[in-house]
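Undergrad: whatever this is, show me its structure:
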Amino acid sequence: MNNNEKSSKDFRTSIGGQALIEGIMMRGPKAMAIVVRGKDGLVEKVDEFNPIRNRIKFFGLPFIRGIVNFGSSMSIGMRSLMFSADHMPEEDQEEPTKFDIWVEEKFGSEKSEKILLTFAVVLGIAFSVGLFMLLPTFLAGFATEFVENPILRNLIEGALRITIFLTYLALTSKMKQIRRVWAYHGAEHKAIYCYEKRLPLTVENVRAQSPLHPRCGTSFLFIVMIVSILVFSFTTWDSLLLRFALRIALLPIVVAISYEIIRLAGRYDNFLTRIISAPGKALQNFTTREPDDDMIEVAIKALEHVIPENETEAKW
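TA: Predicted structure coming up:
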């Protein structure tokens, strides 16, 4: 193996993205780009990006950075989704709800957008916590009459959590619009793989890459499921409300540990990290699809906007 080939194999980038409605968001070390295919062609939005962990060293410390990154990703992801929704073809756009109209009339268009965004973020977090954290805890409570061992109870709860998660992915993957989002998700992964291999970012080169990537959000969520089993095993089963409160209180710890694990898996390629990545990559068969060339073009455009001049700045 020559030096160039070794260099290409060892390169891992911190650049990541998110599939949107007919588009992709890419986030690099200094810029964030959203590229959406609207009714009149590509719509591109590029902003400077300076994460708080770069400005305040405390937020870049191990375990702290995972919680900060999770919160930042949720906020940026929701804003990006709303931007892509605003540029959907008119025939695909939904009419504003009565709640949307009431908020705009009450607070004005500019403030209403921020209010609706905040509401959407809070609702999204509440839905995720309720469905994947609290519902399994509630259902596992029925096992207390038959299972006395708290460790076994937590394993049952973990199994329920994973089952609900897999069912959710399987059901949403059947929806036509979601399947297109998954295809853009595949295009995002392929483009990043192409960049990591230091190949020219062409449709042909990107098309040839795998849509499964170890640093995917799907992989992160699965790791969260596994870590939660371990962390929650230290909690009590005396009261349902107490269990709910402890699950929510311990969620930042679960996120912090999970982030460090996914970071490790994304940074190195060895036997251990391949084992860590395997379940998440398998789940990506639900959340990624083979994209068409138009989707790949969107991914390339978004990625090109966030690649820094100095490659080392984008190294994981």
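
Undergrad: could you use CA atoms for every contact and neighbour count after this?
TA: Noted.

Undergrad: quick one: contacts for residue 53?
TA: 59-60, 65, 68 (Cα atoms under 8 Å, 6 or more residues apart in numbering).

Undergrad: cutoff 10 Å now
TA: Contacts of residue 53 were listed using Cα atoms under 10 Å, 6 or more residues apart in numbering, and they are 59-61, 64-65, 68-69.

Undergrad: just give me the longest helix of this protein.
TA: In the chain, assigned by DSSP state H, the helix with the most residues is helix 240-267.

Undergrad: and the contacts of residue 53 as CSV, adding pLDDT?
TA: Formatted as CSV, these follow (pLDDT from 0 to 100):
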residue, pLDDT
59, 94
60, 92
61, 95
64, 96
65, 94
68, 94
69, 92
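
Undergrad: ranges for the helices of the stretch 101-250 of the chain?
TA: With DSSP state H, counting those that start in this stretch as the criterion, the stretch 101-250 of the chain has helices at 109-129, 135-140, 150-172, 176-196, 203-207, 217-232, 240-267.

Undergrad: any stretches of this structure with poor pLDDT?
TA: The model of the chain has pLDDT under 70 over residues 1-10, 89-117, 120-121.

Undergrad: against residue 257, how distant is the most centrally placed residue in it?
TA: For the chain, residue 217 is the residue whose C-alpha lies nearest the centre (Cα atoms, centre = their mean; 3.4 Å). From residue 217 across to residue 257, the span is 15 Å (Cα to Cα, to the nearest Å).

Undergrad: one more: residue 195?
TA: Distance from residue 195 to residue 257, by Cα to Cα: 28 Å.

Undergrad: cool, residue 193 as well?
TA: From residue 193 over to residue 257 (counting by Cα to Cα), the distance is 25 Å.

Undergrad: for residue 75, same thing?
TA: For residue 75 relative to residue 257 (Cα to Cα), the value is 20 Å.

Undergrad: looking at those two, which has the bigger crowd around it?
TA: Neighbour totals were compared for residue 75 and residue 257, and residue 257 leads with 21 against 16 (other Cα atoms under 10 Å).

Undergrad: wait, what's in contact with the more buried one?
TA: With the criterion set at Cα under 10 Å, 6+ apart, residue 257 makes contact with 62-64, 66-67, 223-224, 227-228, 231, 263.

Undergrad: 7 Å instead, please
TA: residue 63 (Cα atoms under 7 Å, 6 or more residues apart in numbering).

Undergrad: that one and residue 148: what is the separation?
TA: 28 Å.

Undergrad: cool, residue 314 as well?
TA: 50 Å.

Undergrad: before we move on, what about residue 88?
TA: For residue 88 relative to residue 148 (Cα to Cα), the value is 53 Å.

Undergrad: between those two, who's got more neighbours?
TA: residue 88 (18 against 11).

Undergrad: surely the more buried one forms part of a strand?
TA: No: if the criterion is DSSP: H, G, I helix; E, B strand; the rest coil, then residue 88 is coil and not within a strand.

Undergrad: quick check, it in contact with residue 38.
TA: Yes: using Cα atoms under 7 Å, residue 88 is in contact with residue 38, at 5.7 Å.

Undergrad: what are the buried residues along the helix or strand harbouring residue 278?
TA: Assigned by DSSP states H and E, residue 278 belongs to helix 271-287. For helix 271-287, the neighbour count (16 or more other Cα atoms under 10 Å) marks 273, 276-277, 280-281, 283-284, 286-287 as buried.

Undergrad: so how far is the helix or strand following that helix from its chain's centroid?
TA: Later in the chain than helix 271-287, the nearest helix or strand by DSSP H and E is helix 293-306. Relative to the chain's own centre, helix 293-306 is displaced by 18 Å; criterion: Cα atoms, centre = their mean, to the nearest Å.
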